[in-house]
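>>> coords please:
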Amino acid sequence: MFSLVPPQDDALDDLVRGQAACDLTYREAGATAGVMPPGYRHDRWEIDLGAFDYVAFRRLAASLRHWQPQRGAGFTIVPGGPVTLGLTFALVVPLPIGYATCVGRVIYVTEAPEHFGFAYGTLPSHPEQGEEAFHVTQNGSRLIFTVTAFSRPRHPAARLGGPVTRALQVRANRSYLRAMRRAAAAEPP
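Numbering: from 1, shown residues only. Coordinates of the predicted model:
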């Protein structure tokens with residue numbers, strides 16, 4: 001899970017294949033879509049991406065489907081294809097020293113004319129335990145990006161890291177917001 005050098009592609013492929021048969025590391029699957037469970041840290045981050053229109057919404061939904069928040073935060077995603085229900089994937093997260101490899105599974109995808117999003121849950125090779133959801137939604141005349149999560153440290157290094165672990169979570173969430181703000185500001189192709 002933690003290394004000083006980025007993991008090799010073949011090792012990531014093997015890790016994803018091995019984790020694909022594993023169960024989630026928590027019982028409350030899907031709770032980011034409703035009432036979040038007690039016993040976890042709850043997070044909600046939200047930004048306004050501008051005036052709602054269907055062209056901008058579809059473009060930002062496509063960005064979200066292709067992992068723009070994570071890629072914009074500097075994470076590597078394996079496999080690199082679009083978000084699909086049931087997808088098992090690895091995120092390689094650069095740390096101040098080294099890298100963390102986090103494995104998750106997409107547990108729901110929401111698609112509606114004015115709402116797109118997905119959530120993933122943690123698998124045994126993830127240092128945290130919980131769920132994270134990303135949504136682009138119409139809110140009145142505005143287009144809103146929201147990150148909702150519940151988590152707690154699972155790996156001993158994450159538990160020992162306490163405030164450092166939390167600071168890395170906050171940094172990642174801020175990076176997600178910045179990445180989607182950049183996507184919203186980009187000129188359509």
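>>> make it CA atoms for all contacts and neighbour counts henceforth
OK.
>>> for this structure, what are the low-confidence residue spans?
156-162, 187-189 (pLDDT under 70).
>>> residue boundaries of the helices in it?
Taking DSSP state H to define them, one finds helices in the chain at 9-19, 54-65, 68-72, 156-185.
>>> In terms of secondary structure, what does the second one contact?
In this structure, helix 54-65 makes packing contacts with strand 115-122, strand 128-139, helix 156-185, judged by 3 or more C-alpha pairs under 8 Å, 6 or more residues apart in numbering; DSSP states H and E.
>>> Okay, now the sheet partners of the shortest one, with direction.
This means strand 115-122. strand 99-112 (antiparallel), strand 128-139 (antiparallel) (DSSP bridges).
>>> for these, which one ends up most surrounded?
Comparing those by mean neighbour count (mean count of other C-alpha atoms under 10 Å), strand 128-139 ranks first with a mean of 23.
>>> what angle separates it from helix 156-185?
Angle of strand 128-139 versus helix 156-185, following axes from the mean of the first three to the mean of the last three C-alpha atoms, to 10 degrees, is 20 degrees.
>>> got a list of contacts for stretch 100-118?
With C-alpha atoms under 8 Å, 6 or more residues apart in numbering as the contact definition, stretch 100-118 has outside contacts at 1-3, 16, 19, 24, 29-30, 54, 57, 61, 64-65, 83-94, 119-127, 133-138.
>>> List only buried entries from the residues you listed.
Buried by 16 or more other C-alpha atoms under 10 Å: 2, 16, 19, 24, 29-30, 57, 61, 64-65, 83, 87-94, 119-127, 133-138, out of the contacts of stretch 100-118.
>>> Identify the residue nearest the residue nearest the centre of the chain in space, chain neighbours excluded?
For the chain, the residue sitting closest to the mean C-alpha position, by C-alpha atoms, centre = their mean, is residue 132 at 5.6 Å. Spatially, and ignoring its direct neighbours in sequence, residue 132 is nearest to residue 149 (4.2 Å; C-alpha to C-alpha, 6 or more residues apart in numbering).
>>> Next: residue 4.
residue 98 (3.9 Å).
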